[in-house]
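Peer 1: My questions are about this predicted structure, shown below with the sequence.
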Amino acid sequence: MTAEAPHVRPHDGKLLILTPGMGAVATTFIAGVEAIRRGTAKPIGSLTQMQTIRIGKRSSNRTPLVKDLVGLAPLGDLVFGGWDIFDDNVYEAAVRARVLNDRDLAPHRKFLESIRPMPAAFDRNYVKRLDGPNRKLAPNKLDLAESLREDIRNSIAATGAARATMVWCGSTEIHLHPSDCHRDPRAFVTGMKENDPAISPSQLYAYAAIMEGVPYANGAPNLSADIPALEQLADERGVPIAGKDFKTGQTMMKTVLAPAFKARMLGVAGWFSTNILGNRDGEVLDDPDAFRAKEVTKSSVLDTILEPSSYPDLYKDLYHKVRINYYPPRGDQKEGWDNIDIFGWLDYPMQIKLDFQCRDSILAAPIVLDLALFLDLAARAGRGGIQEWLSFYFKSPQIQVGHLPEHDLFIQHIRLKNTLRFFAGEAPVTHLSEDLED
Ligand SMILES: NC(=O)c1ccc[n+]([C@@H]2O[C@H](COP(=O)([O-])OP(=O)(O)OC[C@H]3O[C@@H](n4cnc5c(N)ncnc54)[C@H](O)[C@@H]3O)[C@@H](O)[C@H]2O)c1
């Protein structure tokens, strides 16, 4: 890395974290942060809170916590807000989501009840399986976006925050393709005025955030800030953006195992992945249009990691299938099965079976926290536009035109940490042997 380390404005005051969508993931995130800062839980799963980072040679024994090296906003300075089509407060929504036990919610009930969702910019055409009363009415999409901007300003004022970040924790919207109104900011504004159907509610939140100088990350697989109009706007206004689709369960495992097969030059003939889940997210994904958005982000990882064009003997005939099944009895406790058909020396076949009995929102909540804090760091470092170094957190990393996505979790991790070293004015760790380092 040759670029000069940026000047990072130090954190001060409060940081407001806004979540469009206050369902299972968002409420688990907020309740968890409150439990951690009250000392009744540990921030397990959060790199920003628990991980250390090596500076210099191994022998120099400098391994500060990430949060100390780069000066992240402390949990005590976080305040929360958001939008949802249901007007349940965060306590009620968390009870309804059935992720956390009453034992973990009851002690924080008063705090959680104090956070109420603002009326949402929502349109059933984009999330067909849901409807709710807490929504904005406006003649066109630009008016909706302006109303969201006003909400952002009012929330900052009401909470006394110095800055804000936004992480989309709303339902998966239907699969959309980039279209003409997405080509640049001017076309996008015209599209909003004319109620262009290619503009979804999540794009209105992303637009509102960028216009208010609030960094935006998309935790769902749908098209949101990953369109030329919003990427250009984010660049012009110096606002960090990142996406998309939190990398939590099955795909995280895929991006751990596939690099191992490639590193050992083992072939993969087939990879069949199926899931059962019964939460509201699963219900939304039961609609084929919403499922299509998820299928696209889940499917692309293997090709990029295994590079069949460079290794045709090993991966050119790989059959990859992803299934998501809505199964209400399971609630948030998803189960994902993978059957992997691999082959080795002299083509001899082998099988691997993986059964991941995970908890979706327990895996996603620390990602919301890390993204919010890292986006705030990027903003204070003056780094606007797409934050590729945050690919670590996403199934389908948002990248600049002309770049290739990186899906390998370990390469993503190295890149994330070297970017943090860069922000702190420290040299990257190259993993050359100590003998070869200066
Ligand atoms: N949990 C995971 O492991 C994981 C992983 C990757 C992605 N995701 C994505 O994260 C998102 C949230 O997941 P969840 O389990 O919390 O789902 P959820 O259904 O519990 O919560 C989503 C909430 O968003 C609200 N919503 C929908 N459209 C909205 C709009 N336009 N404005 C405001 N609110 C809106 C819904 O009413 C709902 O309360 C989903 O899109 C999911 O696909 C989750």
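Peer 2: Sure, I can see it.
Peer 1: remind me, longest helix of the protein?
Peer 2: Counting residues, the longest helix in the chain under DSSP state H turns out to be helix 360-380.
Peer 1: residues in contact with the helix or strand where residue 157 lies?
Peer 2: Here residue 157 sits within helix 141-159, counting by DSSP states H and E. Applying Cβ atoms under 8 Å, 6 or more residues apart in numbering, the external contacts of helix 141-159 come out as 14, 16, 18, 79, 81, 83, 118, 121, 136, 138, 161, 163-164, 166, 189, 191-193, 195-196, 199, 201, 204-205, 207-209, 211-212, 214. In this view, the C-beta of every residue, glycine as well, is placed from N, C-alpha and C.
Peer 1: So among the residues you listed, which ones count as buried?
Peer 2: Buried members of the contacts of helix 141-159, scored by 16 or more other Cβ atoms under 10 Å, are 14, 16, 18, 79, 81, 83, 118, 121, 136, 161, 163-164, 166, 189, 191-192, 196, 199, 201, 204-205, 207-209, 211-212, 214.
Peer 1: Within reach of the ligand, which of those are there?
Peer 2: 83, 121, 201 (Cβ under 6 Å from any ligand atom).
Peer 1: any idea how far the ligand is from residue 389?
Peer 2: Distance of residue 389 to the ligand, given as Cβ to the nearest ligand atom, to the nearest Å: 19 Å.
Peer 1: Help me confirm that that residue is found in a strand?
Peer 2: No - according to DSSP: H, G, I helix; E, B strand; the rest coil, residue 389 belongs to no strand; its state is helix.
Peer 1: May I have the residues that are in contact with it?
Peer 2: So residue 389 contacts 415, 416, 419 (Cβ under 8 Å, 6+ apart).
Peer 1: Going by neighbour count, which of the residues you listed comes out on top?
Peer 2: The most crowded member of the contacts of residue 389 is residue 419, carrying 23 neighbours; neighbours defined as other Cβ atoms under 10 Å.
Peer 1: Does it belong to a helix, a strand or coil?
Peer 2: Going by three-state DSSP: residue 419 is helix.
Peer 1: So in terms of bridging, what pairs with the residue nearest to residue 323 when sequence neighbours are not counted?
Peer 2: Nearest residue to residue 323, sequence neighbours excluded (Cβ to Cβ, 6 or more residues apart in numbering): residue 274, at 4.1 Å. Per DSSP bridges, the residues bridged to residue 274 are residue 323, residue 337.
Peer 1: Just give me the neighbour total for the residue of the chain found nearest the ligand.
Peer 2: Evaluated by Cβ to the nearest ligand atom, the chain has residue 23 as its residue closest to the ligand, separated by 1.9 Å. Counted with other Cβ under 10 Å, residues neighbouring residue 23 total 28.
Peer 1: And the contacts of the helix or strand encompassing residue 165?
Peer 2: For residue 165, the host element (DSSP H and E) is strand 163-168. Here strand 163-168 makes contact (Cβ under 8 Å, 6+ apart) with 13, 15-21, 152, 155-156, 202, 205-206, 209, 212, 214-220, 224, 368, 371-372, 375-376, 379.
Peer 1: among those, which ones are buried?
Peer 2: By neighbour count, with 16+ other Cβ under 10 Å, those hold 15-21, 152, 155-156, 202, 205-206, 209, 212, 214-220, 224, 368, 371-372, 375-376, 379 as buried.
Peer 1: Count the residues that sit near residue 391.
Peer 2: For residue 391, using other Cβ under 10 Å, the count is 26.
Peer 1: For the stretch 51-200 of the chain, what lies in contact range of the ligand?
Peer 2: For the stretch 51-200 of the chain, the contact set with the ligand under Cβ under 6 Å from any ligand atom comprises 83-86, 97, 120-122, 127, 130, 132, 169-172.
Peer 1: Among those, which lie within helices?
Peer 2: Those of those lying in helices (DSSP H): residue 97.
Peer 1: Any quick ChimeraX command for the buried ones out of the residues of the stretch 51-200 of the chain next to the ligand?
Peer 2: Typed into ChimeraX, the next command selects the buried ones out of those (criterion: 16+ other Cβ under 10 Å):
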select :83,84,85,86,97,120,121,122,127,130,169,170,171,172
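Peer 1: give the contact list for residue 190.
Peer 2: For residue 190, the contact set (Cβ under 8 Å, 6+ apart) comprises residue 181.
Peer 1: Which strand or helix spans it?
Peer 2: Secondary structure (DSSP H and E) places residue 190 in helix 185-193.
Peer 1: okay, the angle between that helix and helix 141-159?
Peer 2: Helix 185-193 and helix 141-159 meet at an angle of 100 degrees, taking axes from the mean of the first three to the mean of the last three Cα atoms, to 10 degrees as the criterion.
Peer 1: And helix 185-193, how far out from the chain middle?
Peer 2: Computed by Cα atoms, centre = their mean, to the nearest Å, the chain-centroid distance of helix 185-193 equals 26 Å.
Peer 1: again, but for stretch 385-400
Peer 2: Relative to the centre of its chain, stretch 385-400 is centred 9 Å away, using Cα atoms, centre = their mean.
Peer 1: That one spans what distance, first to last residue?
Peer 2: With Cα to Cα, to the nearest Å applied, stretch 385-400 spans 9 Å between its terminal residues.
Peer 1: Name the residues of that stretch that come out as buried.
Peer 2: Buried residues in stretch 385-400 (16+ other Cβ under 10 Å): 385-398.
Peer 1: Strands - which of the contacts of strand 163-168 land there?
Peer 2: Within the contacts of strand 163-168, residues falling in strands by DSSP state E are 15, 16, 17, 18, 19, 20, 216, 217, 218.
Peer 1: Identify the residue spatially nearest to the first one, adjacent ones excluded.
Peer 2: Think residue 15. Spatial nearest neighbour of residue 15, excluding adjacent residues (Cβ to Cβ, 6+ apart): residue 73 at 4.3 Å.
Peer 1: Next, that neighbour: secondary structure please.
Peer 2: Under three-state DSSP, the three-state class of residue 73 is coil.
Peer 1: what's around it, how many residues?
Peer 2: Applying other Cβ under 10 Å, we find 23 residues neighbouring residue 73.
Peer 1: Just list the residues touching it, thanks.
Peer 2: Residues in contact with residue 73 (Cβ under 8 Å, 6+ apart) are 11, 15, 373, 376.
Peer 1: Give me the contact list for stretch 101-119.
Peer 2: With contact meaning Cβ under 8 Å, 6+ apart, stretch 101-119 is reached by 22, 27, 30-31, 34-35, 38, 40-41, 80-84, 86-95, 134-136, 151, 155.
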